[in-house]
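Visitor: Pasting a predicted model and its sequence here:
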2 protein chains.
Amino acid sequence: MTKGHVRLADVAKAAGVSQGTASNVFSRPEVVREEVRERVLGIARTLGYNGPDIKGRLLRAGRVNAIGVASVEPLAYFFEDPWARALMTKIAAVCDATGTGIALVSAQNQQKLAWNINSALVDGFILLCVEGGERLVELTRRRQLPFIALALGGADTSIPVIGIDNLAGAAMAARYLADLGHRRFAVLAIDHFDEHVGATGPGPAARSLKSTSRDRLLGYWQTLAEFGIERESVPVHGTRSDRSSVDTALNALFAAPQPPTAILAMSDRIALFAMQWLTERGIEVPGDVSVIGFDGVPEAATAEPGLTTIAQPFDEIARRAVSAILDDALPDAQETLDVTLVIRDSTAPPRS
Amino acid sequence: MTKGHVRLADVAKAAGVSQGTASNVFSRPEVVREEVRERVLGIARTLGYNGPDIKGRLLRAGRVNAIGVASVEPLAYFFEDPWARALMTKIAAVCDATGTGIALVSAQNQQKLAWNINSALVDGFILLCVEGGERLVELTRRRQLPFIALALGGADTSIPVIGIDNLAGAAMAARYLADLGHRRFAVLAIDHFDEHVGATGPGPAARSLKSTSRDRLLGYWQTLAEFGIERESVPVHGTRSDRSSVDTALNALFAAPQPPTAILAMSDRIALFAMQWLTERGIEVPGDVSVIGFDGVPEAATAEPGLTTIAQPFDEIARRAVSAILDDALPDAQETLDVTLVIRDSTAPPRS
DNA sequence: CGGAAGATTTGAACCGATTCAAAATTTACG
DNA sequence: CGTAAATTTTGAATCGGTTCAAATCTTCCG
C-alpha cells in the first residue's frame, strides 16, 4: 500500500494535471471538464485519496464552520446541569439547521482553560458565564474571535451580552406568591456565601453576589417590599447548586420557629432539590410550602408536582447567540430578553 | 492601528529576528536568549499579536487535541437522550482530565452528516451507533482517522467496537423478575416496527432488529424459556423511544384480557415513560406491575419509585473509548464489557 | 591566543490545501 | 479558414505557522 499519506499533489502528479485542476475536481467540480474529472477521481480512488484534507482547506479558508461553547465549569457540566442542558439543546438545534459544528470548551483549572480557548478550532465563542464570567470573557477576548456572553451581568458595555431580565423575573415570582397570600418567604440563592446571609442581614449579600443572583435577589426584595415585607425578615441562604448544600440550607430554614410558607429558588435546579427534600420529609408541596423556581428547564415540567417557574426564552437566546457568531451580528448594546411566568402545581395559597 | 492581521512573520520582521526565532519565542521559549525573548514579546504586544494562530500550528503539527463524538441523531440528541447524556458526562470527565476538547458531530440528513464528519477538526471519533450505525461507520472510515464504535453490534470484526453484554444483561433482568415469581411478561423494544410484533409472533422481530435490541430480546427469551415461558406468549412492542409510542404500546398491552405483571423495557428511557403511564392510570409500580429498565442512567436512580435496571459501566466505556482514540490503542478485538443488575423499587413479587 | 564545545540564530523547506491571473485550448461564427 | 469569445488548465503565490540542519556567536580552557 501507499506508505505515508496521499496528498492532493500526489494525485495531481499521478493524473498528469496541475494541482490547481486537481483541487478544482474536488472543490469546484463543475469547472473541470468531465473527462478530466473522471480520470482524476479514478486515480484518487486508486491511490486511496479521500478528498481534500480539512486541515489544508481550513488554513486557506480560515473558516472552521464550528462554534465553541465555553464555560469555566468542567466539561461534564454541559451534560449535567439542567440549565446548561436546556440551552445546549436549543443551541444544538440551531446549529443543526445551519450545518454548524459545536465544540465544547472548558477545563478544570484556569490555565488549562486558557490553553483550551486558545487552541479551540472554532469561528467564535458562546460563553456560558455562570461563574467567573469576567475571567472567561478576558481569556476569550484575546483570541480575537467573535464571541457573545450569556448570563453575564456587569457594567462593561463593551462586552456583547445576551441576557434576560432577572430583576423583572424575580419580581414576577415574588409577586405571584405574594398575591396568593404568602407572607413568610425564604430565598435559596445560586451563589454560595460562607455565612448564612439570612442571619447577617441583607447588606453583605447584595455586595458579594454575582450580578445574576444580585438582580434576582433585588427583584424579590423590591416586590416583597411592596407587600410590606422587609428584607431583614427574609432569610437568604447560599447554595452550591448541589443536593447537599440545598439540604443544609433547608435544614436551617425549617429548624427555625417560623419556617417559610414560600420558597423563592433562584434556579429550577435548586427548586427541584428543595422539592425533593420537602417531599421526603412529608412536607407537602404546595400544601404546606409553595416553591417557585427560575429558568424554565424541561425537568421543571416533568417533576412531581410540576414546578412553577420563571421561564427563560431559551429558543430565542440560542437563535440570537448563534447568529451573532455566524453572521457576525454582534449586538450593539447588551440585549435583554423577557422572561415569562409558567404556573404549574408547586404553588398554591398558604394554608390558612 | 494595524490593518489586516498580524502574523508571526510581521512580528519577526519588526523585532529584527528570523521567523524561526520568533516561532521559538512562543513555542519553545527556553531555547531563546532571554533578552531576545523579551524584545520579541514586547514587539508582539505592541503590534497586538496574541501568540501563534492555532490554524497554522495545526497544519504543521497535524494534531488537534480534540475528539469528535458522532451520531446519526440530531445534535440535540447529545443533550436530550438520557443514555447519550450519561455517556457524554463520563466521556467529558475523561477528556477534562486529559485536556482534550470535544466536538459534537451530527446532522439532520445523511449528506450533511457526511460533510460534517469529513470537516470535523478532530483527532479521532467516538461513534454513538444507536441506529444506522453501519452507515456511520462507513462514513467515518473514509476519514482515515482512529475511531471506535459504541453500541454497535455486528459481525464485522474489522470494526473496533466497545460493547456491552446485552444478552447476559437481558437474561439477568428476566431472571430477576422470574425469580420474583412473575410469569406474565411484556417487552418494550428500542426499535420501532410497523406491526406489533407481539401479534405476529417472534419470527419477524428477531430478524428485523438492530443487534442491540436483538441481543436483548434473545436474552429475555432465553431466560424466560428456562422458566417455561414460551416466546409466543410474550408480547413485544416496538417504540420510537418517545412518550407517545410508548403510550401506544402500553394502551395495546393493557387493553388485553391478561395484561402483564412485569415489563421488560429495553432502555431506561422507555421504562421511565412506562412508569409514568402506569402511575398516571393508578396502576401501582411495583404493586401491580414491575418494571425493569436497561442502561443504568442517572435518572433511573432519582425516579419515583427508583427504577430497577441493568447498568452499563459508563465510566469504563468512556475511559476505554477515549484512550482508544488518544493513545491510538484501538482494541484488537471487539471488547465486550459486563453489566450489573441494580435493584431499586420498581420491582417486586407479583400480587398473588 | 587557538580551538573545541555549547548556546543561539538563521533560512529555507514543509504542512495540504485554495486561489487567481495568465496561458492554452476549444468552440462559435462570419 | 481566421479570429473573437468562451472554456479549461496551469503555475505560482498564499494561508500562518513549525522544524531542523547549518551557520554564527559565546564560553571555556590549556
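Guide: Good, I have the coordinates. This structure is a prediction, so every number in the text was calculated from the model and none was measured.
Visitor: On the pLDDT front, check the residue lying closest to A:A66 once chain neighbours are set aside for me.
Guide: Nearest non-adjacent residue to A:A66, counting by C-beta to C-beta, 6 or more residues apart in numbering or on different chains: A:G101, 3.6 Å away. To be clear about C-beta, it is placed using only N, CA and C from the backbone, and glycine gets the same treatment. pLDDT, A:G101: 92.
Visitor: wouldn't A:G101 be in contact with A:R63 here?
Guide: No. Using C-beta atoms under 8 Å, A:G101 is not in contact with A:R63, being 11.6 Å away.
Visitor: quick one, domains of chain A?
Guide: With automatic domain parsing as the criterion, the domains of chain A are listed as A:8-61, A:66-163, A:166-312+A:338-342.
Visitor: quick one, phi psi at A:G181?
Guide: phi 120, psi 0 (degrees, to the nearest 10).
Visitor: nearest spatial neighbour of it, skipping sequence neighbours?
Guide: Excluding the flanking residues, the one nearest A:G181 by C-beta to C-beta, 6+ apart is A:P349, at 4.7 Å.
Visitor: I'd guessed that neighbour sits against A:L180; true?
Guide: Yes. With contact defined as C-beta under 8 Å, A:P349 reaches A:L180; the gap is 4.7 Å.
Visitor: What ranges does the stretch 51-200 of chain A have for its helices?
Guide: Ranges of helices in the stretch 51-200 of chain A, per DSSP state H, counting those that start in this stretch, are A:54-61, A:77-80, A:82-98, A:110-119, A:133-142, A:166-179, A:197-200.
Visitor: export those to a markdown table and tack on distance to A:Q312, mean neighbour count and mean pLDDT?
Guide: Listed next are these as a markdown table, based on distance: least, C-beta to C-beta, whole Å; neighbours: other C-beta atoms under 10 Å in any protein chain shown; pLDDT from 0 to 100:
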| stretch | distance to A:Q312 | mean neighbour count | mean pLDDT |
| --- | --- | --- | --- |
| helix A:54-61 | 35 | 15 | 88 |
| helix A:77-80 | 17 | 22 | 96 |
| helix A:82-98 | 8 | 22 | 96 |
| helix A:110-119 | 25 | 17 | 88 |
| helix A:133-142 | 16 | 19 | 89 |
| helix A:166-179 | 8 | 22 | 98 |
| helix A:197-200 | 25 | 17 | 46 |
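Visitor: if we can go back for a sec, contact partners for the residue nearest to A:G181?
Guide: Taking C-beta atoms under 8 Å, 6 or more residues apart in numbering or on different chains, we find A:P349 in contact with A:180-182.
Visitor: in stretch A:316-335, what counts as buried?
Guide: Neighbour counts over stretch A:316-335 (16 or more other C-beta atoms under 10 Å in any protein chain shown) mark A:317-322, A:324-326, A:334-335 as buried.
Visitor: Pick the one among those residues closest to B:V32.
Guide: Closest approach to B:V32 among the buried residues of stretch A:316-335 (C-beta to C-beta): A:I325, at 36.1 Å.
Visitor: and A:L307, how many residues sit next to it?
Guide: The tally of other residues near A:L307 (other C-beta atoms under 10 Å in any protein chain shown) stands at 28.
Visitor: OK, contacts around it?
Guide: So A:L307 contacts A:268, A:271-272, A:275, A:291-293, A:300-301, A:344, A:346 (C-beta under 8 Å, 6+ apart).
Visitor: Okay, and which of those map to strands?
Guide: Here DSSP state E is the test, and the contacts of A:L307 give A:291-292 as lying in strands.
Visitor: top of the contacts of A:L307 by neighbour count?
Guide: A:G293 (33 neighbours).
Visitor: wait, what's in contact with that residue?
Guide: By C-beta under 8 Å, 6+ apart, the neighbours of A:G293 are A:265, A:267-268, A:270-272, A:300, A:307-310, A:346.
Visitor: Now distance to B:G287 too, for those, in JSON lines please.
Guide: Shown next, in JSON lines, are the contacts of A:G293 (distance: C-beta to C-beta, whole Å):
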{"residue": "A:A265", "distance to B:G287": "33"}
{"residue": "A:S267", "distance to B:G287": "35"}
{"residue": "A:D268", "distance to B:G287": "31"}
{"residue": "A:I270", "distance to B:G287": "33"}
{"residue": "A:A271", "distance to B:G287": "30"}
{"residue": "A:L272", "distance to B:G287": "26"}
{"residue": "A:A300", "distance to B:G287": "28"}
{"residue": "A:L307", "distance to B:G287": "27"}
{"residue": "A:T308", "distance to B:G287": "30"}
{"residue": "A:T309", "distance to B:G287": "32"}
{"residue": "A:I310", "distance to B:G287": "38"}
{"residue": "A:S346", "distance to B:G287": "26"}
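Visitor: Run a quick neighbour tally on the residue of the stretch 151-300 of chain A found nearest DNA strand D.
Guide: Proximity of the stretch 151-300 of chain A to DNA strand D (C-beta to the nearest atom of the strand) peaks at A:P160, 23.2 Å away. A:P160 has 22 neighbouring residues, counting by other C-beta under 10 Å.
Visitor: Pull up the gap between the residue lying closest to it once chain neighbours are set aside and A:S323, please.
Guide: Spatial nearest neighbour of A:P160, chain neighbours left out: A:L330 (4.5 Å); criterion: C-beta to C-beta, 6+ apart. Per C-beta to C-beta, to the nearest Å, A:L330 is found 10 Å from A:S323.
Visitor: same thing with A:A107?
Guide: Separation of A:A107 from A:S323 (C-beta to C-beta) stands at 27 Å.
Visitor: now the helices for the stretch 251-352 of chain A?
Guide: A:268-280, A:298-302, A:314-326.
Visitor: Great, nothing more from me.
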